[in-house]
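# coordinates for the following, if possible.
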Amino acid sequence: MKNPRNEIIRGIIHERKTQGITQIELARRLGTKQSNISRLESQQYNPSLEFLNRVAASLGKELHIELRERTE
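Purely as a prediction, here's the structure:
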């Protein structure tokens, strides 16, 4: 089973790099430290949904979470 948090973080990293945004710039947009973005991307802490939503918005995206039938 895929880990949803890891998928979201991979998506954030992909979008940040696609847009050519550094961790420093993303941190500035969020009003946080670059070290917090680094910890997020290296999965060293479990961010709140509110924080993930703010990250998505700062990248011009919308966080979308859904429940699906299990495929096990």
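# now stretch 6-26: average pLDDT?
Averaged over stretch 6-26, pLDDT sits at 96.
# what's the answer for stretch 64-72, then?
Average pLDDT, stretch 64-72: 83.
# any idea how far apart the tips of that stretch sit?
Stretch 64-72 has an end-to-end distance of 23 Å (criterion: Cα to Cα, to the nearest Å).
# how far does it sit from the chain's center?
In terms of Cα atoms, centre = their mean, to the nearest Å, the centre of stretch 64-72 is set 19 Å apart from its chain centre.
# heads up, I number from 7, so please use that
Sure, I'll start numbering at 7, so the last one becomes stretch 70-78.
# now that stretch: buried residues?
For stretch 70-78, the neighbour count (16 or more other Cβ atoms under 10 Å) marks no residue as buried. (Each C-beta comes from the backbone N, C-alpha and C, glycine too.)
# could you pull out the helices for the chain?
Secondary structure of the chain by DSSP state H: the helices cover 10-24, 29-36, 40-47, 55-64.
# kindly reformat those as a markdown table containing mean neighbour count and distance to I71.
Converted to a markdown table, the helices of the chain look like this (neighbours: other Cβ atoms under 10 Å; distance: least, Cβ to Cβ, whole Å):
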| stretch | mean neighbour count | distance to I71 |
| --- | --- | --- |
| helix 10-24 | 14 | 7 |
| helix 29-36 | 16 | 19 |
| helix 40-47 | 16 | 17 |
| helix 55-64 | 16 | 8 |
